[in-house]
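[1] Model the structure of this input:
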Amino acid sequence: MSNVIETRGLTRRYGSTVALHPTDLTLEKDMIHGLLGRNGAGKTTLMSIITAQEWPSGGEVRVFGQHPHENEQVLPKICFVREDQKYPDDAKAHHAFNAASQAFPNWDWELCHRLCEDFAVPKKTRVKKMSRGQRSAVAVIIGIASRAEVTFFDEPYMGLDAVARKVFYDRLLEDYAQHPRTIVLSSHLIDEIAHLIENVVLIDRGRIVLDEPAESLRDRAVTLMGRAEAVNEITAGREVLAHEALGRMVRTTVMGALTDEERQRVRELDLDMVPVSLQELVVHLTTSGTHTAAQTTAEEADR
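    I've put the predicted structure just below:
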């Protein structure tokens with residue numbers, strides 16, 4: 001296993017506001033990572049520091065084993081595409097693509113032209129005059145066609161409609177399969193990108209809450225529905241993420257996979273068992289206080 005990005009004790013403060021608490025993170029090479037979290041959780045701050053667009057307040061970051069800031073050996077290998085990507089006032093799409101082709105050594109013009117057709121990018125319209133969806137298309141084309149060794153997508157595809165986002169996901173996967181690289185997708189449309197990501201990094205209130213392979217999250221939580229006394233028999237002693245009651249019927253979501261014996265008992269008790277989607281799990285983890293203890297420890301260390 002080879003890690004392409006490593007942070008140690010990385011922090012960022014804006015005055016008295018702590019945007020990023022001490023963060024240790026490693027991202028494996030040639031993998032699609034999902035950087036998930038609510039708006040304001042610290043996703044953009046973390047990506048901006050890793051891509052050398054912001055300086056940390058403390059700690060360190062290494063990309064390909066080197067500090068990325070003002071490093072001409074590292075920066076051409078990193079593509080950071082943001083939702084609020086800025087372009088010169090008179091720039092048209094081809095100007096943006098020309099600039100990107102000079103910035104990224106692995107740029108592929110044939111792929112760029114093909115993607116322009118897929119997204120119907122207007123050739124004569126200035127980028128600032130394009131619709132939000134068209135500007136998003138320009139951004140994602142740069143992200144894919146750059147074929148940078150490390151590519152960050154900070155939700156630039158949010159301006160695309162559902163059909164265009166599907167095109168983006170499909171084209172990204174197709175090219176990634178042929179040209180593996182490290183990709184980080186930041187999004188709150190978690191269920192939409194769940195099939196893309198191989199590793200999940202969840203950030204909440206400036207702290208990493210979860211960092212593990214997506215496959216291992218499949219059995220991370222389960223929802224049981226049925227008679228209260230029957231559900232309670234199975235969930236007793238488990239960490240409860242959510243609980244709803246309607247008369248004698250309840251719906252309870254708990255952490256942890258069920259054993260074979262427990263599954264057999266669920267069938268005997270005539271309970272409904274529903275797997276928890278990645279989006280549901282993220283919602284529960286960022287609203288239920290599951291990581292309160294970890295936060296308290298980190299806060300004590302900050303003092």
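[2] Please, where are all the strands along the stretch 1-150 of the chain?
    Counting by DSSP state E, counting those that start in this stretch, one finds strands in the stretch 1-150 of the chain at the ranges 3-14, 17-28, 32-36, 58-63, 78-82, 150-154.
[3] Can you check what angle separates the third one from strand 150-154?
    Here strand 32-36 points in a direction 30 degrees away from that of strand 150-154 (axes from the mean of the first three to the mean of the last three Cα atoms, to 10 degrees).
[4] strand partners of strand 32-36, parallel vs antiparallel please.
    If you go by DSSP bridges, strand 32-36 pairs up with strand 182-187 (parallel), strand 199-204 (parallel).
[5] One more: the first one?
    As defined by DSSP bridges, the strand partners of strand 3-14 come to strand 17-28 (antiparallel), strand 58-63 (antiparallel).
[6] which residue is nearest the centroid of this protein?
    Against the mean C-alpha coordinate of the chain, by Cα atoms, centre = their mean, the closest residue is residue 35 at 2.2 Å.
[7] if I look at that residue, how far off is residue 98?
    Distance of residue 35 to residue 98, computed by Cβ to Cβ, to the nearest Å: 29 Å. Bear in mind the C-beta positions are built from the backbone N, C-alpha and C, glycine included.
[8] Relative to residue 196, tell me which of the strands paired with strand 3-14 wins on proximity.
    strand 17-28 (15.2 Å; Cβ to Cβ).
[9] Give me the buried positions along that closest one.
    For strand 17-28, a neighbour-count test (16 or more other Cβ atoms under 10 Å) marks 18-23, 25, 27 as buried.
[10] next one: stretch 31-46
    Using 16+ other Cβ under 10 Å as the test for burial, stretch 31-46 gives 31-38, 41-46.
[11] Redo the strands of the stretch 1-150 of the chain as a markdown table? Include distance to residue 224 and mean pLDDT.
    Below are those laid out as a markdown table (distance: least, Cβ to Cβ, whole Å; pLDDT from 0 to 100):
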| stretch | distance to residue 224 | mean pLDDT |
| --- | --- | --- |
| strand 3-14 | 38 | 96 |
| strand 17-28 | 33 | 95 |
| strand 32-36 | 25 | 95 |
| strand 58-63 | 41 | 96 |
| strand 78-82 | 41 | 94 |
| strand 150-154 | 36 | 96 |
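[12] Kindly reformat these as TSV containing distance to residue 70.
    Listed next are the strands of the stretch 1-150 of the chain as TSV, based on distance: least, Cβ to Cβ, whole Å:
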stretch	distance to residue 70
strand 3-14	17
strand 17-28	21
strand 32-36	24
strand 58-63	13
strand 78-82	13
strand 150-154	17
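[13] Can you check which of those gets nearest to residue 210?
    With Cβ to Cβ, the closest approach to residue 210 among the strands of the stretch 1-150 of the chain belongs to strand 32-36: 8.3 Å.
[14] Tell me the gap between the closest one and the middle of its chain.
    Between the centre of strand 32-36 and the centre of its chain there are 3 Å (Cα atoms, centre = their mean, to the nearest Å).
[15] Run through who's touching it.
    27, 43, 46-47, 176, 182-188, 190, 193-194, 196-203, 214, 282 (Cβ atoms under 8 Å, 6 or more residues apart in numbering).
[16] Swap in 7 Å and give it another go.
    27, 43, 176, 183-187, 190, 193, 196-203, 282 (Cβ atoms under 7 Å, 6 or more residues apart in numbering).
[17] CA-only coordinates of that strand in PDB, if you can.
    Listed next in PDB are the C-alpha coordinates belonging to strand 32-36 (Å, rounded to 0.1, in the frame of the first residue of the first chain):
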ATOM      1  CA  ILE A  32     -11.200   7.100  -5.300                       C
ATOM      2  CA  HIS A  33     -11.700   8.700  -1.900                       C
ATOM      3  CA  GLY A  34     -15.000  10.300  -0.800                       C
ATOM      4  CA  LEU A  35     -14.500  13.300   1.500                       C
ATOM      5  CA  LEU A  36     -17.900  13.600   3.000                       C
END
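[18] one step back: out of the strands paired with strand 32-36, which is closest to residue 8?
    It is, among the strands paired with strand 32-36 and with distance given as Cβ to Cβ, strand 199-204, at 15.5 Å.
[19] Show the subsequent helix or strand relative to that closest one.
    strand 207-213 (DSSP states H and E).
[20] That following strand: how far from the chain's middle?
    With Cα atoms, centre = their mean as the basis, the mean position of strand 207-213 lies at 11 Å from the chain mean.
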